[in-house]
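Enquirer: compute the structure for the input listed below.
(chains A, B and C)
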Amino acid sequence: MSNIDIDAPGSNQLFIGNEAMARGALEAGVGWASAYPGTPSSEILSSLAEVAKKRDIYVEWSVNEKVAIEAGAAASFAGLRSLVAMKMNGLNVVIDFLSTIILSGIGKKGLVLMVGDDPAAHSSSNETDSRPVSKWLDIPLVEPGDFQEAKDMMPYLYDISEEFGTICILRSVTRVAHARGNIRLGEIPKVVHKARFEQYYDPAAPMPTPIMCIPSSFRHMFQHVRIDKIREKFETSPYNKYVGPEKPDLLIVTAGSGWLYSQDAVNALKAEDRIGILKLGTLWPLPEKLVKSCLSKADKVLFIEETDPFLEGVIMEFAAGFSPESKRNLFYGNHTRHLNSFGELTPDAVIKAITGVLDIKYQPRDAEYMKKVESVPQQYVMDRLLTFCPGCPHRASFWAIKDALAMDGRHGFVTGDIGCYTMALGPAGFFQTRTHQCMGAGAGLANGFGQLRRFGFDQPVVSVVGDSTFYHSIIPALVNGVHNHSDFTLVILDNGATAMTGFQPHPGTGLTAMGEPAQQISMENICRAIGARVEVCDPFDLKNTTRTMLDLIEQKEGARVAIMRRTCELVRQKKEEKPYKMKIDPEKCLGEDCGCNRLCTRVFRCPGLIWDPVAGKTKIDEVICNECGVCADICPEGAITKEAVA
Amino acid sequence: MNKLAKDPINVVVAGVGGQGNVMVTLVLGNTLVHDGYFVTIGETYGASQRGGSVMSHLKISAEKQYSPLIPEGQADIVLGMEPVETLRVLKSYGNQNVVTVLNPRPIHPVDFTGSGAGYPDMESLLAQVAGMSAKTYVVEATGEAQKLGNPMLANMILIGALIQTGLVTISREAIEKTIRDMFPKAVKENIAALSKGRELAAGQ
Amino acid sequence: MVTKTKGMGELFKEVINKGLCTLCGACIGDCPYTVFYRGKIRMLDFCNREEGHCYEYCPRTHTDLDEISNKLLGVPFSGAGIGTVKDVFMARSRDSKVRSKAQYGGTVTTLLLLALENGLINAAITTKTSDEKLPESCVAHSAAEVMESAGSSYMAYPVLEAVNRIPKESKDRLGIVVTPCQAVALAKMRLNPPTQRNSLDNLRLSIGLFCTWALDYGRFYEFLKNNVDLAKVNKFDIPPPPANKFDVYMGQEIKSFPLDEVRNYRMATCAYCLDMTAEFTDISVGSVEGVEGWNTVIVRTQRGMDIIADAKKMGRLDIKDLPDQSLTHLKEAALNKRARAVQEIVKKTGDKNELMYIDISDNLKQKLLGQRVTVQGGH
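Expert: I've put the predicted structure just below:
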């Protein structure tokens, strides 16, 4: 993690986009930041958390995005510049609040919502494009095209937010948020944050208006007026720019990640004199005059956007309303299938789109080299599927869940959730997880399945969630399950961290984002208070965990909970030495023979175990193995042994 | 800062989650930015600790900020932390001029292990890599790192080898400063690893 | 006709998922992929071996009865109902303690105790009734442990699991008590010994139990739990004749259920079993029709003759001739089971040439298909 508050204005630093945004927030003088972790947005808050005490600002990991934005709004209401960050999934969670705050307006100080989108869903369950929400809910939205802008847009957006009294969205995508580039630092102002909510205190003074969204239609109209004013402001924004010849053969209209890709593509095609690029930084409201003047430069217009054809839609809609004397443009983009509306944008995709519109030849590699490329045997570059880390407690947890469901024999299944354990959809978790939606959905689905007994449904249902997910969105589902007598088992994989997104603390860890001790909120106490039976087990004790699972599955009715508790291996190894020394006795290893058939390397599949097809034996990769000892307990022949390290 | 022979220089760092791919690009990137270059790094997160293929794109320029992704076939240097991953990257980004620096220590994909196929034959794998590179440096980084007491030092050995090739202009002073900034508790070990890498590549 | 050895996938497809599993236990115990749980064999993970001992030893996969009979008993599989007979008589234990705990005459327990005592064996694999009144396998090394295993619960239990768990290097001299289906599986193991586990070279004595059917472990246990106080139960019995009730002893109290009701909990697979008297063992033991407190004993091998001679010499058994009428009825009943099974199999396959797992000579097949059968009553 970089030191985002380094006091060296004018110096160059290598920051990831998220750190740049966090630095930008410091340069904007924010007093508050709240977020729920989610790739690719997490580093904004974690890097602010590191400097929070020193900069005298408040930073928190909130229990979920809804609380994060509502708490963040309160800071704005009380006169602090406030930043709320989340990934696009979180945006969906907070839509209801957004739909009212655009009516009520904010406090005296700016409120910025940073949303990190994940095109190609590198680390997500979907690749939703957040930009349409700006048009839908009338929220100003900007998007950085490079790392410097990621920083610079923060203070810019706070000024807009305060000038017009509205929440603003800064949207970025993985390839900006998680890419690294040069940042020229600005100054961090010294702000003494003072919070107060304006209240009726002087009988002689007029009572301040509550911050409220009624009368809604009037306030809706007022937001539209604001949006029109902001449109005027955006016409001259420094983040919108045109580069290229005065009369290009082709005008590219782009934003966000498309900005650098388009430049790279034009560069690779050596077509700088034929192609102009209009890069928009302020996407909504659309700076119409600027767009119109650029459209007049060229007949052909190509939209380069990641995921949704958002600009393509709004600009074509806008162009359709031009007066008749205007020249009609030929538009290319997603609607002409020059670009996909799914997956990740790449320089190659841009090159392909351009060469599809203009007659330019492009061959990245010669035929001779391509022959070599094609000669690479496919089995040499077989896909490397993701798996749980060596020593990960989840592998053991799913082993126990698998065995229990198999022994029970009623074709039980797991409804999954969002975290590392999502990998249980595949061989990492022995294909146990059979549904995968959004955070909290696994428990909601389990509620439904568990209610279908009356319709002949007789399969055991196991909802598997992570510890952070439990606090985020599982508690209402468990309340519902107990209240409505739904029949399911909730398994909480408590590894003491939000591991998927970078080990952020959560309400169960007893630490705040700023590293201060906090009350550890006991998940077992919560579950018991709700009225569920709760069992706690150590997943590395496979026998007991399997037995506990069986016992819970076989319970006749009601929601019940297993907490499988063991520290994330990546957290553990930072604090402790490896617990065992693992060994394999090749004499005992049965390999592929009847009675084993490579249970450890074929089914258990820990990356620390490797198969030697020549010797027909399993070996331990001592560089990879974290010596957790679990494989010794699954080896049917006792060939794998663990020896405690003193 | 010097003008580069080719601008930008495109480097792909290929490895497996958990190997320290991000760390390698950070060491190189921080050093180059402090030397005044524009650096852009595209990384794959999420999968980074979980056994999947991890690839970072590093673009170095004396002129401008480039995008974080390298187009097909446009790598100048492949820094291979793992043989299969190196070949995979050459397939997409290699070309007749590419120079490859490779750590031949395999990390067995659980899928190779699971299917029972085992890891591809190393000799023929390395021949494929060499056939697709203008020059290949094979650096036994993991083995040497284990001798130095920590397999993670393999990364610094590879960086040392990369510097030795002369393809990226990184001064000894600059990289040692980065090491002091990034690994204040393990300066000696990392500098020793760096020298070991240079030594290993020098003979090739 | 199936002749190839297959793997676990086929075992489940052809046997277990079709409800043909006898719960003998030959496929579990040394295999990490299969497990016995609440009356069923469950697959924990899929083993993709094309050949496995699980399939090979299963008494419901291809079974060449002539081959087994030839190798173990030196004669082809018999058309007669009760198989090879070197001697047949009725017997009972001279020890009243054994008689009161055991079924009928207590002959099995007496023979095991004797074999342990004279060193023929030093471990007996048998079934005992657990505190929960469920059967469980036990490896008895002492007379006291053998006494614990006396008596029957009439529920099928995978006793061969215990055989599979014997360490490869074990030199224990083994005795074992098995039902007919278990005897078939055991015979298959002995014919093609496994390489990765104990080869059963040291099996010294096998005692078979007469069986017309066994009760389903899972379903019958539920029935019992709902109808008697299991904590008090000390013995189960189907007293002859006319073998129409199932008695549950609870101390002095006996609760009787009509056998017709209990028969609802039979295992479906028993209908396809050709063997009533456990033909592939050294000695087979059952009840005597019309004589309470005695066992019918069929001696099939020289080993069997030897231990009976010892028992006589040491005065451990009362031995009497089996009445001709009893022997005739036993033969009829056994043949009836054999013929009925073949006819049931043909009914299931719908093809007179398709006998599922059974491999027998054409002559015998024709004979059994032509046999008139009656509905079987007792156990």
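Enquirer: my guess is B:Gly42 meets B:Pro68, correct?
Expert: Yes: taking Cβ atoms under 8 Å as the contact criterion, B:Gly42 and B:Pro68 are neighbours in contact, 3.1 Å apart. No exception for glycine: its C-beta is placed from N, CA and C like everyone else's.
Enquirer: buried stuff in stretch A:145-165?
Expert: Within stretch A:145-165, the residues that count as buried by 16 or more other Cβ atoms under 10 Å in any protein chain shown are A:145-158, A:160-162, A:164-165.
Enquirer: go on, stretch B:144-159?
Expert: So stretch B:144-159, judged by 16+ other Cβ under 10 Å, has buried residues B:144-146, B:148, B:151-159.
Enquirer: got the contact list for residue 4?
Expert: Let's take chain A. Residues in contact with A:Ile4 (Cβ atoms under 8 Å, 6 or more residues apart in numbering or on different chains) are A:Phe15, A:Glu19, A:Ala22, A:Arg23, A:Leu26, A:Ser47, A:Leu48, A:Glu50, A:Val51.
Enquirer: was after chain C, sorry
Expert: With contact set as Cβ under 8 Å, 6+ apart, C:Lys4 has these partners: C:His62.
Enquirer: try A:Ser172
Expert: If you count contacts by Cβ under 8 Å, 6+ apart, A:Ser172 has them with A:Gly17, A:Asn18, A:Met21, A:Pro40, A:Met114, A:Val115, A:Gly116, A:Asp117, A:Glu143, A:Pro144, A:Ala150, A:Gly256.
Enquirer: switch to 7 Å and redo it
Expert: Taking Cβ atoms under 7 Å, 6 or more residues apart in numbering or on different chains as the criterion, A:Ser172 is in contact with A:Gly17, A:Gly116, A:Glu143, A:Pro144, A:Ala150.
Enquirer: isn't the fourth one right up against A:Met153?
Expert: Read that as A:Pro144. Yes: the pair A:Pro144 and A:Met153 passes the contact test of Cβ atoms under 7 Å, sitting 5.3 Å apart.
Enquirer: what do the two both touch?
Expert: A:Gly281.
Enquirer: quickly check: stretch A:385-398 near chain C or not.
Expert: No: counting by Cβ under 7 Å from any Cβ of the partner chain, no contacts exist between stretch A:385-398 and chain C, the nearest distance being 11.9 Å.
Enquirer: tell me if that stretch is near chain B.
Expert: Yes: figure legend: stretch A:385-398 in contact with chain B (Cβ under 7 Å from any Cβ); contacting residues A:Leu385, A:Leu386, A:Thr387, A:Phe388, A:Cys389.
Enquirer: what about the second one, how many residues close to it?
Expert: Put plainly, it is A:Leu386. Burial measure for A:Leu386: 20 neighbouring residues, criterion other Cβ atoms under 10 Å in any protein chain shown.
Enquirer: and if you look at the first one?
Expert: Around A:Leu385 there are 19 other residues, counting by other Cβ under 10 Å.
Enquirer: pretty sure it is touching B:Asp111, no?
Expert: Yes: under the contact definition of Cβ under 7 Å, A:Leu385 touches B:Asp111, with a separation of 5.5 Å.
Enquirer: so who does the nearest residue to C:Asp30 once chain neighbours are set aside touch?
Expert: Leaving aside its chain neighbours, C:Asp30 sits nearest to C:Asn164 (4.2 Å; criterion: Cβ to Cβ, 6 or more residues apart in numbering or on different chains). C:Asn164 is in contact with C:Ile28, C:Gly29, C:Asp30, C:Arg197, counting by Cβ under 7 Å, 6+ apart.
Enquirer: okay, C:Thr3: pLDDT?
Expert: Looking at C:Thr3, its pLDDT is 58.
Enquirer: please report the distance of C:Asp324 from C:Lys331.
Expert: C:Asp324 is 11 Å from C:Lys331, where distance means Cβ to Cβ, to the nearest Å.
Enquirer: likewise C:Ser142?
Expert: Spatial separation of C:Ser142 from C:Lys331 under the definition Cβ to Cβ is 38 Å.
Enquirer: tell me the secondary structure of A:Glu587, please.
Expert: Under DSSP: H, G, I helix; E, B strand; the rest coil, A:Glu587 falls in the coil class.
Enquirer: and it, what pLDDT?
Expert: The confidence metric pLDDT takes the value 95 at A:Glu587.
Enquirer: B:Ala5 too?
Expert: Looking at B:Ala5, its pLDDT stands at 87.
Enquirer: re the thing from before, between the contacts of A:Ser172, which is nearest C:Pro180?
Expert: Each of the contacts of A:Ser172 was checked against C:Pro180 using Cβ to Cβ; the closest is A:Gly116, at 68.9 Å.
Enquirer: what number of residues lie near that closest one?
Expert: Burial measure for A:Gly116: 32 neighbouring residues, criterion other Cβ under 10 Å.
Enquirer: which residue is nearest the centroid of chain B?
Expert: Computing the C-alpha centroid of chain B and ranking residues by Cα atoms, centre = their mean puts B:Leu79 first, at 2.9 Å.
Enquirer: what's the spacing between that one and B:Phe38?
Expert: For B:Leu79, the distance to B:Phe38 - Cβ to Cβ - is 19 Å.
Enquirer: kindly report the same for C:Arg99.
Expert: For C:Arg99, the distance to B:Phe38 - Cβ to Cβ - is 97 Å.
Enquirer: got it, and A:Ile169?
Expert: Counting by Cβ to Cβ, the separation of A:Ile169 from B:Phe38 is 28 Å.
Enquirer: what residues does chain A put near chain C?
Expert: A:403, A:406-407, A:409, A:590, A:593-597, A:599, A:603, A:636.
Enquirer: go again using 6 Å as the cut-off
Expert: Contact residues, chain A versus chain C (Cβ under 6 Å from any Cβ of the partner chain): A:Asp403, A:Ala406, A:Met407, A:Gly409, A:Leu590, A:Asp593, A:Cys594, A:Gly595, A:Asn597, A:Leu599, A:Val603, A:Pro636.
Enquirer: now, of those residues, which are buried?
Expert: A:Asp403, A:Ala406, A:Met407, A:Leu590, A:Asp593, A:Cys594, A:Gly595, A:Asn597, A:Leu599, A:Val603, A:Pro636.
Enquirer: burial count for B:Met182?
Expert: Counted with other Cβ under 10 Å, the burial measure for B:Met182 works out to 15 neighbours.
Enquirer: sorry, that was for B:Ser56
Expert: Around B:Ser56 there are 26 other residues, counting by other Cβ under 10 Å.
Enquirer: now do the same for it: its pLDDT.
Expert: Looking at B:Ser56, the pLDDT reads 95.
Enquirer: in chain B, what residue comes closest to chain C?
Expert: Across chain B, no residue is closer to chain C than B:Gly116, which sits at 9.3 Å (Cβ to the nearest Cβ).
Enquirer: how many neighbours does that residue have?
Expert: Applying other Cβ under 10 Å, we find 16 other residues in the vicinity of B:Gly116.
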